[in-house]
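**Student:** okay, sequence plus prediction incoming.
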Amino acid sequence: MCRCHANVFDPENARRFQACGIGVVDSASDVVPLAAKAGGQDKWDGKNSIQAASQVLERVTGIVKVIPTDQFIDALASGKICVAIGFSGDAVQAQTKSNRSRGTVEYRVPADGGLLAIDAMAMPANASNS
């Protein structure tokens, strides 16, 4: 059972990984709700959730790096970070890159939950260029 959020948001656990690099993707809309969950918020509750997330993130300031989205895949694949919270598609790309060069990237969904995002596109049946 993976308690992956605890590895990143618990300062004591995060310090264990600090030497090899620990990070979160540069996406507040994804990281802040996870930090709020780590701070005890089971569901988003506006001001209370923001306050819980802020407290959690303050405790790991200086330990956890924010990785720009355009650098996340290479940072993970090259081993610049060894524990991270990021997007599943980026993790799969990092797995492919790391298998060619240095080793394996494992992707895990935390037992206590994670975020779900779906990319979709729709085109009207009567669109002029369909």
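**Tutor:** Structure received.

**Student:** ok, A122 - contacts?
**Tutor:** Listed by C-beta atoms under 8 Å, 6 or more residues apart in numbering, the contact set of A122 is empty. All C-beta atoms are positioned from the backbone trio N, CA, C, and that covers glycine.

**Student:** for it, helix, strand, or coil?
**Tutor:** coil (DSSP: H, G, I helix; E, B strand; the rest coil).

**Student:** how far away is it from L34?
**Tutor:** The gap separating A122 from L34 is 29 Å, by C-beta to C-beta, to the nearest Å.

**Student:** what do you get for N7?
**Tutor:** Applying C-beta to C-beta, the value for N7 to L34 is 12 Å.

**Student:** quick check: closest non-adjacent residue to I63.
**Tutor:** The shortest distance from I63 to any non-neighbouring residue, by C-beta to C-beta, 6 or more residues apart in numbering, is to A14 (4.6 Å).

**Student:** test my guess that the one you found contacts V64.
**Tutor:** Yes. The criterion here is C-beta atoms under 8 Å, and A14 meets it with V64 at 5.7 Å.

**Student:** could you tell me which residues touch both of those two?
**Tutor:** Going by C-beta under 8 Å, 6+ apart, residues that sit against A14 and also against V64 are V8, I22.

**Student:** tell me the SS of the residue nearest to I63?
**Tutor:** helix.

**Student:** neighbours of it, how many?
**Tutor:** 19 (other C-beta atoms under 10 Å).

**Student:** what sits against it?
**Tutor:** Here A14 is in contact with N7, V8, I22, V60, I63, V64 (criterion: C-beta under 8 Å, 6+ apart).
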